[in-house]
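# My questions are about this predicted structure, shown below with the sequence.
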Amino acid sequence: MTPLLQSVADYYSDKVRTHGATPLGADWNSAEGQRLRFDTLLRIIPVNLSSVTLDEYGCGYGALFDHLRDTARQAVEYLGLDVSDSMIGAARARHHANAFRFHLAAVSPRVADFTVASGIFNVRLKASTAGWEEHIATTLEAMHAGSTRGFAFNCLSSYSDVHKRQTYLYYGDPCYYFDLCKRRFSGDVALLHDYGLYEFTLLVRKKRDL
């Protein structure tokens with residue numbers, strides 16, 4: 001693991017040890033906001049598919065797996081990945097699951113239909129802007145390579161109120177990432193910046209399901 005990822009892993013391991021398997025333990029303010037992010041990301045999956053494979057980068061303690069179990073419109077074969085061993089330990093303990101469900105890794109070992117990531121680009125700590133943006137681009141390349149139908153991710157927005165920003169967080173330019181995804185990955189990209197949070201979501205579809 002790179003020093004950059006190790007610092008992020010340590011940050012989240014400390015959070016889950018302090019606050020437990022809760023939204024606060026994953027550095028979210030509320031369960032409501034967490035569910036809203038999940039629903040927005042899952043718009044990448046067309047309703048007409050009866051079953052899909054789904055990878056999640058930054059799975060934390062497995063909250064998305066719970067959300068899928070409660071709300072999924074189709075059968076989902078899920079694999080969660082995280083760089084924090086404490087997070088993976090919490091996910092396996094909560095769901096009585098092994099490495100085939102929750103995997104300690106930065107990149108998926110398989111190719112899935114879809115890949116999603118919620119919040120993994122927010123906490124940069126002491127990383128430089130250039131270094132963090134290189135990390136984001138590398139991660140998006142991995143998500144693209146590991147998805148046959150598409151991927152989705154969110155990020156804090158550069159349109160956030162300046163006086164409310166935190167120096168250890170990263171605020172991305174949604175127009176920059178829209179352009180990056182259009183140029184590198186697919187002509188079918190949706191930018192969502194209208195769901196009431198100080199962030200944006202990008203849905204990158206590799207093929208249109210009609």
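Perfect, thanks for sending it.
# Neighbours of Y12, how many?
24 (other CB atoms under 10 Å). Glycine gets a C-beta too; all of them are placed from N, C-alpha and C.
# how would you label it: helix, strand or coil?
helix (DSSP: H, G, I helix; E, B strand; the rest coil).
# Could you find the residue nearest the spatial middle of the protein?
A117 (1.3 Å; CA atoms, centre = their mean).
# which residues touch it?
L41, E56, Y57, G58, T139, M143, F151, A152, F153, N154 (CB atoms under 8 Å, 6 or more residues apart in numbering).
# Now the two most distant members of these.
L41 and T139 (14.9 Å; CB to CB).
# neighbour-wise, which of the contacts of A117 leads?
F151 leads the contacts of A117 on contacts (other CB under 10 Å) with 29 neighbours.
# Next, that one: secondary structure please.
strand.
# what's across from it in the sheet?
T115, V204 (DSSP bridges).
# What of Y78?
According to DSSP bridges, beta-bridge pairing links Y78 with L54.
# and it, how far is that from K126?
Counting by CB to CB, to the nearest Å, the separation of Y78 from K126 is 33 Å.
# So between the two, which is more surrounded?
Neighbour count, other CB under 10 Å: between Y78 and K126, Y78 has more, with 20 against 10.
# what residues are up against that one?
T53, L54, D55, E56, L64, F65, L68, R101.
# now swap in G33 and tell me
Contacts of G33 by CB under 8 Å, 6+ apart are P23, L197.
# cutoff 7 Å now
With contacts defined as CB atoms under 7 Å, 6 or more residues apart in numbering, G33 is in contact with L197.
# same check, this time on A9
M1, V83, S84.
# now, among the residues you listed, which is nearest to N29?
Nearest member of those to N29, counting by CB to CB, is S84, at 19.2 Å.
# which residues of this protein score low on pLDDT?
99, 207-210 (pLDDT under 70).
# redo that, cut-off 90
Residue ranges of the chain with pLDDT under 90: 1, 29, 72-74, 96-100, 207-210.
# Show me the helices in it, by range?
For the chain, the helices defined by DSSP state H cover 3-19, 31-41, 63-71, 85-95, 129-145, 174-184.
# Let me know which of those helices is tucked in deepest.
Most buried of those, by mean neighbour count (mean count of other CB atoms under 10 Å): helix 85-95, with a mean of 19.
# other SSEs contacting it?
Helix 85-95 sits against helix 3-19, strand 102-104, with contacts defined as 3 or more CB pairs under 7 Å, 6 or more residues apart in numbering; DSSP states H and E.
# out of those, which comes closest to Y177?
Closest among the helices and strands packed on helix 85-95, using CB to CB: helix 3-19, at 19.0 Å.
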